[in-house]
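Engineer: here is my input, please return the structure:
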Amino acid sequence: MTFALGAAPAGAIETEDFAAASAAPTISLTTQALSTDTGTAPLAPISSVLAESESANSSAAHGFDVDAAIAAATAELGTSRATGWGAPGECIVSAQRWIRAGGGAWTGGGDPVSNYTGALRLSPTEAQPGDVIQYEHLQFPTSWVSGVHTVLVTGVNDDGTYQIIESNNPTGSGYVQADESWVPKPPAGFQAVAWRF
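Structural biologist: So this is what the prediction gives:
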């Protein structure tokens, strides 16, 4: 391995005059304090708060034509599309396309949580046809880490399993396929969340 070191002539180095900046007025900062005193009543764990809000909203109607969305997904069965950031074969991009084909207002984007802006978050056990189930990382839910996956629920079986259509499984294939007896099996460190538009 060879290393080469060099120096630039003094005249070749750009300099900046910081004299003007040092004459700028000083800014005083005020400190703030946050009181975390909650009194003596114990706080409910966040999981119970989410569960309460999820079950209270599980009967909310979809804001789009579920049958049209499922028909759009069904029409793509057995096909493949390109994968990569924002590509049409990615699981979430496919689910967005299908929901939008039914007139759904899937307008969010950016990460696995903000993608669902305007959607209702539900427990996976409350999912119905037309809902989307998303695997999200427990510690970093807004990150696109390996293991994030998105499926469209097309039916719910009497035994509690789901009929789904998904894209890009296996990863990188962009392949669209159906599973008639699907059970959410998020990887370690992930959870399954249902979303309704």
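Engineer: could I get the contacting residues of D111?
Structural biologist: T142, S143, W144 (C-beta atoms under 8 Å, 6 or more residues apart in numbering). For every residue, glycine as well, the C-beta is placed using N, CA and C.
Engineer: tell me the SS of T74?
Structural biologist: helix (DSSP: H, G, I helix; E, B strand; the rest coil).
Engineer: now swap in I165 and tell me
Structural biologist: Secondary structure, three-state DSSP: I165 is strand.
Engineer: got the contact list for it?
Structural biologist: I165 sits in contact with I70, A73, T74, E76, L77, W98, V151, L152, T154, V176, Q177, A178, where contact means C-beta under 8 Å, 6+ apart.
Engineer: show me the beta-bridge partners of it.
Structural biologist: L152, A178 (DSSP bridges).
Engineer: can you tell me how far it is from H137?
Structural biologist: The gap separating I165 from H137 is 23 Å, by C-beta to C-beta, to the nearest Å.
Engineer: where do the strands sit along this structure?
Structural biologist: 120-122, 132-137, 149-156, 162-167, 176-182, 190-196 (DSSP state E).
Engineer: make TSV from the ones you listed and add mean pLDDT to it.
Structural biologist: Shown next, in TSV, are the strands of the chain (pLDDT from 0 to 100):
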stretch	mean pLDDT
strand 120-122	94
strand 132-137	96
strand 149-156	97
strand 162-167	98
strand 176-182	98
strand 190-196	95
